[in-house]
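>>> When you get a sec, could you give me coordinates for this:
(one chain, ligands or ions: 2)
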Amino acid sequence: MSEAASTRTPVALLPSLAPLLHAWLPHQRWFAGKGHPVTGFSLVSATELLPLDGGSGPGLLHLLVRVKQPGLPAPSSQDCYQLLLGVRETLPPHLARALIGHLAEGPLAGRTLYEGLHDPRLAELILERLRTPGALGPLRFDRFDRVPAIPAGLAARPLDAEQSNSSLVYGDAYILKLFRRVHPGPNPDLELPLALARAGCDRVPAPIAWYEATSPEPYTLGVLQPFLRGSQDGWLLALDSLAAGRSFTDEARALGSVTAEVHTALAGELPTVMLRRPQTEHLAVAMSQRLEAAAQAVPALLPYVPRLRAAFDALAAPGSRDRAWRAQRVHGDLHLGQTLRGGGPHGDGHWSVIDFEGEPARPLGERRRPQPPVRDVAGMLRSFDYAARTHRPWNPDWAERCRTAYCEGYAEAGGDDPRAEPELLRAYETDKAVYEVLYEARHRPDWLPVPMAAIDRLAAAT
Ligand SMILES: Nc1ncnc2c1ncn2[C@@H]1O[C@H](COP(=O)(O)OP(=O)(O)O)[C@@H](O)[C@H]1O
Ligand SMILES: O=P(O)(O)O[C@H]1O[C@H](CO)[C@@H](O[C@H]2O[C@H](CO)[C@@H](O)[C@H](O)[C@H]2O)[C@H](O)[C@H]1O
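Ligands and ions are numbered 1, 2, ... in the order given. Just a heads-up that it's a prediction; the model follows:
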């Protein structure tokens with residue numbers, strides 16, 4: 001890949017970009033620091049993927065920018081975001097919704113700045129870069145060695161369903177996920193699918209290509225994988241089943257077995273450890289601390305704190321002195337919305353698991369630590385409860401049947417039966433429900449009653 005005309009560092013640009021970013025960034029769906037004032041920006045890296053002085057055509061600027069938000073605790077007070085900014089003389093009407101603003105001063109005064117991913121020409125250029133491994137300034141583009149070449153000229157479109165990140169679909173054949181808030185170190189959403197692909201596990205769309213920043217720190221920035229066209233998302237399938245009064249136990253059993261398959265493959269590829277005292281005590285303390293922090297942010301949790309804490313204390317109770325739990329790399333944020341049925345080469349009934357990033361709010365180091373696999377099981381059990389609660393009238397039996405079938409499927413496929421360690425399962429379900437209370441309070445306050453109902457039930461059971 002040529003380095004020509006692409007790696008000038010337009011530091012001089014930042015002062016003129018800053019006011020536009022200030023007005024635009026906090027309103028983006030993927031911006032994690034909502035509700036806290038942005039006081040400034042600093043540049044981590046800048047790369048011209050397409051020269052900005054290229055005449056009448058668009059330019060594409062890749063930026064890693066640190067956003068200063070002193071109201072947030074460190075390190076979130078200086079989070080780093082990936083931006084792909086288009087620059088044109090004038091914005092054609094079909095790109096009107098991508099507008100960020102007009103540059104009033106600096107080297108590009110008079111030009112228009114816009115969200116580059118909405119411009120098919122620029123999105124297609126990113127795929128072109130990924131087709132050929134190589135370096136471009138601080139960026140490095142890589143390919144998985146066991147997959148066929150990526151064809152040229154595939155049409156690009158942004159995916160509307162994006163949540164924490166942004167995705168582009170190419171010719172309905174590939175999907176590129178671009179991480180928005182990035183942390184130094186390997187992103188588990190590349191690390192784990194690569195490990196699974198190397199293990200021959202077909203439950204995860206195998207990464208085909210990816211790109212990273214290599215300096216000043218390593219950041220995983222984007223991963224290209226096959227697009228499962230026509231696949232159905234497990235969350236919507238569960239809601240359909242509830243609406244139609246249909247059982248979901250076959251699907252839940254299959255999901256249990258898929259989870260066990262993924263866990264077995266991950267345990268075979270990546271380190272596993274045994275958690276004993278004092279690690280089990282540390283686990284209980286960390287869960288209690290998360291509960292207390294969540295209760296500070298969402299006071300509705302406060303009356304439940306003592307009883308919920310009992311579920312965590314049980315992990316380190318005197319009777320559990322000799323217990324040891326196997327820990328390994330896990331998905332970390334497993335729920336129905338992270339599963340897709342069909343759409344790939346394995347047929348309509350084949351389930352795949354996506355989005356191995358873990359809970360985005362947790363530090364990367366914590367997400368990459370080996371954890372008891374029951375953590376993922378708890379995530380999926382919470383998801384059955386969510387689906388049953390979301391549907392009117394509430395159908396607790398539906399969730400209970402799914403729960404049983406999922407645990408049976410997990411054990412039948414070679415996983416340890418999650419019900420054999422009820423304290424551990426309860427602690428993880430409680431920890432997840434606490435996380436969900438915080439997540440819903442921040443992102444979807446109308447949904448808060450869903451995890452609060454679980455908090456009420458879990459507290460009553462201790
Ligand atoms: N390989 C894929 N094939 C088809 N659709 C996908 C694929 N990967 C992700 N998606 C779709 O994109 C959405 C967002 O992907 P996800 O990895 O969960 O991103 P985020 O981290 O932004 O939530 C998913 O809910 C799913 O609908
Ligand atoms: O998919 P993401 O990685 O963005 O995960 C976050 O958002 C999820 C919601 O989209 C959230 O999941 C919660 O709501 C789901 C229903 O919408 C439910 O199935 C899950 O069980 C529940 O946790 C997830 O927690 C959050 O990290």
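>>> From here on, just use CA atoms for contacts and neighbour counts.
Fine.
>>> dump the residue contacts of the residue of the stretch 351-462 of the chain found nearest ligand 1.
Ranking the residues of the stretch 351-462 of the chain by distance to ligand 1 (C-alpha to the nearest ligand atom) places Asp355 first, at 4.0 Å. Shown in contact with Asp355 (C-alpha atoms under 8 Å, 6 or more residues apart in numbering): 189, 331, 338.
>>> For the first one, which three-state class applies?
In other words, Asp189. helix (DSSP: H, G, I helix; E, B strand; the rest coil).
>>> So what does the residue of the stretch 351-462 of the chain closest to ligand 1 have for phi and psi?
phi 60, psi 70 (degrees, to the nearest 10).
>>> excluding its backbone neighbours, what's nearest Ala314?
Nearest residue to Ala314, sequence neighbours excluded (C-alpha to C-alpha, 6 or more residues apart in numbering): Glu423, at 6.5 Å.
>>> Sketch out the low-pLDDT regions of the protein for me.
For the chain, the stretches flagged by pLDDT under 70 are 1-11, 54, 161-162, 318-321.
>>> Which residues are in contact with the residue of the chain found nearest ligand 2?
Closest contact between the chain and ligand 2, by C-alpha to the nearest ligand atom, is at Ser383 (3.2 Å). Each residue near Ser383 by C-alpha under 8 Å, 6+ apart is listed here: 335-336.
>>> Next, give phi and psi for it.
Dihedral angles (degrees, to the nearest 10) for Ser383: phi -70, psi -40.
>>> Arg157 too?
Torsion angles, degrees, to the nearest 10, at Arg157: phi -150, psi 140.
>>> Please work out how many residues are found near it.
19 (other C-alpha atoms under 10 Å).
>>> for Pro92, same thing?
8.
>>> Write out the residues of the stretch 351-462 of the chain neighbouring ligand 1.
Counting by C-alpha under 6 Å from any ligand atom, the positions of the stretch 351-462 of the chain adjacent to ligand 1 are 354-355.
>>> mind redoing it with 5 Å?
Contact residues (C-alpha under 5 Å from any ligand atom) of the stretch 351-462 of the chain with ligand 1: Asp355.
>>> Show me the helices in the stretch 351-462 of the chain, by range?
Using DSSP state H, counting those that start in this stretch, the helices of the stretch 351-462 of the chain run over residues 364-367, 374-390, 396-412, 422-443, 449-460.
>>> The second one versus helix 422-443: what angle between them?
Think helix 374-390. Using axes from the mean of the first three to the mean of the last three C-alpha atoms, to 10 degrees, the inter-axis angle of helix 374-390 relative to helix 422-443 is 60 degrees.
>>> Go through stretch 413-423 and flag the buried ones.
413, 415-418, 423 (16 or more other C-alpha atoms under 10 Å).
>>> Which two of those have the greatest separation?
Ala413 and Glu423 (22.4 Å; C-alpha to C-alpha).
>>> For stretch 20-33, which outside residues touch it?
34, 38, 40, 69, 72, 76, 100-103, 163-166, 180-181.
>>> In PyMOL, how would I select just the buried ones from those residues?
Selecting only the buried entries of these in PyMOL, with 16+ other C-alpha under 10 Å as the criterion:
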select buried, resi 34+38+69+76+100+101+102+103+164+165+166+180+181
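>>> Helices - which of the contacts of stretch 20-33 land there?
Per DSSP state H, helices hold no members of the contacts of stretch 20-33.
>>> Against Thr39, how distant is the residue nearest to Ala314?
45 Å (C-alpha to C-alpha, to the nearest Å).
>>> And for Pro75?
Using C-alpha to C-alpha, Pro75 is found at 15 Å from Thr39.
>>> Close to ligand 1: what parts of the stretch 101-250 of the chain are there?
Counting by C-alpha under 5 Å from any ligand atom, the residues of the stretch 101-250 of the chain near ligand 1 are 162-165, 227-228.
>>> Just the CA trace of stretch 423-433, in CSV.
What follows is stretch 423-433, C-alpha atoms only, in CSV (Å, rounded to 0.1, in the frame of the first residue of the first chain):
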residue,chain,number,x,y,z
GLU,A,423,-24.8,-19.4,44.5
LEU,A,424,-22.5,-18.6,41.6
LEU,A,425,-25.4,-18.4,39.1
ARG,A,426,-27.4,-16.2,41.5
ALA,A,427,-24.5,-13.9,42.1
TYR,A,428,-23.9,-13.4,38.3
GLU,A,429,-27.6,-12.9,37.6
THR,A,430,-27.7,-10.3,40.3
ASP,A,431,-24.6,-8.6,39.0
LYS,A,432,-26.1,-8.5,35.5
ALA,A,433,-29.4,-7.1,36.7
